[in-house]
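>>> Output the structure for:
(chains A and B)
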Amino acid sequence: MHIYDSVQKTKLPFEPIRKGEASIYVCGPTVYDNAHLGHARSSLAFDLLSRTLKAFGYKVTMGKNFTDIDDKIIKKVEETGLSMEEVTSYYIARYIEEMAVLGVERADIEPKATESLQAIENMIQTLIDKDTAYVISTGDVYFDTSKDAHYGEISHQVGDDDDNQSRVTHTSEKRNPKDFALWKACKGEEDICFETAFSSGRPGWHIECSAMIEKHFTGDGHYSIDIHGGGADLLFPHHENEAAQSRCATGHELSKYWMHNGFVQINGEKMSKSLGNSFFLGDALKIYDGEILRYYLNCVHYRNDFNFSEEELQTAKKRLDKLYRLKKRVSPGKGSMPNKTFKQALLDAMGDDLNISIALAVIDEMVANSNDALDDNPKDKALKKRDFGKHYIYRYIAWIWGERTVLLFSDRCR
RNA sequence: GGAGCCAUCGCCAAGUUGGUAAGGCCGUAGAUUGCAAAUCUGCUAUUCACCAGUUCGAGUCUGGUUGGCUCCUCCA
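All right, here's what the predicted structure looks like:
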């Protein structure tokens, strides 16, 4: 099994910190609105990773958080008049529901920021005690990036602070331009606040992931988890900041490997809220079957950007239909192990940093060969009726659908 | 201004360590079928944005050019 590490920018053999096990943490959504296709793609990419790892025999522990404290959520609360809990629980439920329709397996650990406040406070306090973080007059707490010698090594963003043309506005009390907020003190009385030793306020975005990972994963003293994943847009600053906080607070690295998925684009541009070109997953699911969307969104390698088009979606559907037709041609029965060559070809493809294109080509070839073989003796009804379940073609099919190892398809989707 | 990624058939898309271009869709010519559907077979890139270089040999390496995208602000 090889995976591409986006920090080292190269394909690496996957060597877990604990033999036979794989711990993955993926940055989940901020729950202030419905999930769009971009969320679906990220979710699907890491579902594929998890299933592939399982197919290779690893015991996978998957963690995916819900950011349920955030400026946008507070804004939504103000707009709707609902409580924060009402807003977030609604979107979390929708998210879980929609991902299930896509055949995404639930994460083993699904922490929420609101449930991790103690861990967050502890980590910030540790950083303050080490003078790696500092409290300013407003009560905000910042991380001092100059205290971390390795800051910038995740995203390879070099800090030319002098002629800094970046769009970040500098707060005067910050020690360094790149310092980021660990804790935001509340300003008005109506703000959503939590009491801590340093000030009453709420956590910054980056700290929650670090704190949750420390809380839920054990690690081995060198790394907390095997793989940290998320969208490519999270590499900087989010993951850079996470890595820095964890490194300074715990004394070891956060993750051994980092993986990032590409974007879903509309007409060549990243799908995002700010561009107003979002395609909501829920809307897509009203029109298209979950499995078709799953197949479609998965059929481009996870690291590449993905240009969404309904025309291409139809093409994907046709391709998937072929497999279903073959399935119809063979009667159901108990599937045993599939042809070794076929299985191995699929595992080889997926084991190479999830090379889905090769995997699909392998499946398509199997479909063509199988149809060919069935055409050769179409009149063999006895075989079909009596014992087709043992036919090798059936075994392919059964394996593809049956063991949940294969990736594109899920047992829910049939 | 800084940091990256990408550019392969009409469309989508593979192509670690350089050795002579997977697969799907569409199109097309057939086979099979009462018709249709389904299925099968053949054909469909001397060529990988462009220019130069390294090499016996480059889509794959180096330099440059052009075009597209992303990050540096919330973002999957």
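
>>> Count the neighbours of A:F279 for me.
For A:F279, the neighbour count with other CB atoms under 10 Å is 16. (Each C-beta comes from the backbone N, C-alpha and C, glycine too.)

>>> Quick check: phi and psi at it.
Main-chain dihedrals, A:F279, degrees, to the nearest 10: phi -110, psi 110.

>>> right, and it touches A:N267 too?
No. If you go by CB atoms under 8 Å, A:F279 and A:N267 don't touch, sitting 11.4 Å apart.

>>> Once you drop chain neighbours, what's closest to the residue in the stretch 101-250 of chain A that RNA strand B sits nearest to?
Distances between the stretch 101-250 of chain A and RNA strand B by CB to the nearest atom of the strand are smallest at A:G231, namely 2.1 Å. Excluding its sequence neighbours, the residue lying closest to A:G231 (CB to CB, 6 or more residues apart in numbering) is A:S42, at 5.2 Å.

>>> Run a quick neighbour tally on A:K273.
12.

>>> now it, nearest residue through space, not along the chain?
With CB to CB, 6+ apart as the criterion, A:K273 has its nearest non-adjacent residue at 7.3 Å, and that residue is A:D33.

>>> count of residues packed around the one you found?
Neighbour count for A:D33, taken as other CB under 10 Å: 17.

>>> do you know how far A:E97 is from A:E85?
As defined by CB to CB, to the nearest Å, A:E97 lies at a distance of 18 Å from A:E85.

>>> Would you mind listing the residues in contact with the residue nearest to A:G231?
Applying CB atoms under 8 Å, 6 or more residues apart in numbering, we find A:S42 in contact with A:26, A:229-231, A:261.

>>> before we move on, which element is the residue in the stretch 1-150 of chain A that RNA strand B sits nearest to in?
When scored by CB to the nearest atom of the strand, the stretch 1-150 of chain A has A:G38 as its residue closest to RNA strand B, at 2.4 Å. Per DSSP states H and E, A:G38 falls inside helix A:37-55.

>>> as a whole number, average confidence for the next helix or strand after that helix?
The element immediately downstream of helix A:37-55 (helix or strand, assigned by DSSP H and E) is strand A:59-64. For strand A:59-64, mean pLDDT is 97.

>>> Could you list the buried residues of strand A:59-64?
For strand A:59-64, a neighbour-count test (16 or more other CB atoms under 10 Å) marks A:60-64 as buried.

>>> Equivalent analysis for stretch A:104-119, please.
Using 16+ other CB under 10 Å as the test for burial, stretch A:104-119 gives A:104-105, A:107, A:109-114, A:116-117, A:119.

>>> same check, this time on stretch A:239-253
For stretch A:239-253, the neighbour count (16+ other CB under 10 Å) marks A:239-250, A:253 as buried.

>>> what's the spacing between the nearest residue to A:D70 once chain neighbours are set aside and A:W183?
With sequence-adjacent residues excluded and distances taken as CB to CB, 6+ apart, A:D70 is closest to A:T30, at 5.0 Å. Distance of A:T30 to A:W183, computed by CB to CB: 17 Å.

>>> of these two, who's got more company?
Neighbours were counted for A:T30 and for A:W183 using other CB under 10 Å; A:W183 has more, 25 against 19.

>>> mind checking which helix or strand the more buried one is in?
strand A:180-185.

>>> List the neighbouring strands of that strand plus their orientation.
According to DSSP bridges, strand A:180-185 has the following sheet partners: strand A:141-143 (antiparallel), strand A:201-203 (antiparallel).

>>> Which stretch among the ones you listed is buried most, on average?
strand A:141-143 (a mean of 26; mean count of other CB atoms under 10 Å).

>>> Retrieve the pLDDT associated with A:K327.
Listed pLDDT for A:K327 reads 76.

>>> just A:F388 next, same as before
If you check A:F388, the pLDDT there is 40.

>>> and what of A:E173?
84.

>>> Can you tell me how far the residue nearest to A:D70 is from A:S224?
22 Å.

>>> How about A:E240?
According to CB to CB, A:E240 and A:S224 sit 16 Å apart.

>>> Equivalent analysis for A:G282, please.
Note on A:G282: its distance to A:S224, by CB to CB, is 34 Å.

>>> which of the two has more neighbours?
The neighbour comparison of A:G282 against A:S224 (other CB under 10 Å) goes to A:S224, with 24 against 15.

>>> which residues touch A:I207?
Listed by CB under 8 Å, 6+ apart, the contact partners of A:I207 are A:120, A:123-124, A:182-183, A:245.

>>> ignore the last one, A:T218
Shown in contact with A:T218 (CB under 8 Å, 6+ apart): A:S224.

>>> Specify the local secondary structure of it.
Here A:T218 is coil, with the state taken from DSSP: H, G, I helix; E, B strand; the rest coil.

>>> just for the stretch 151-300 of chain A, where's the confidence low?
Residue ranges of the stretch 151-300 of chain A with pLDDT under 70: A:159-172.

>>> Once you drop chain neighbours, what's closest to A:K75?
Nearest-residue entry for A:K75: A:Y32, 7.5 Å, with adjacent residues in sequence omitted and distances by CB to CB, 6+ apart.
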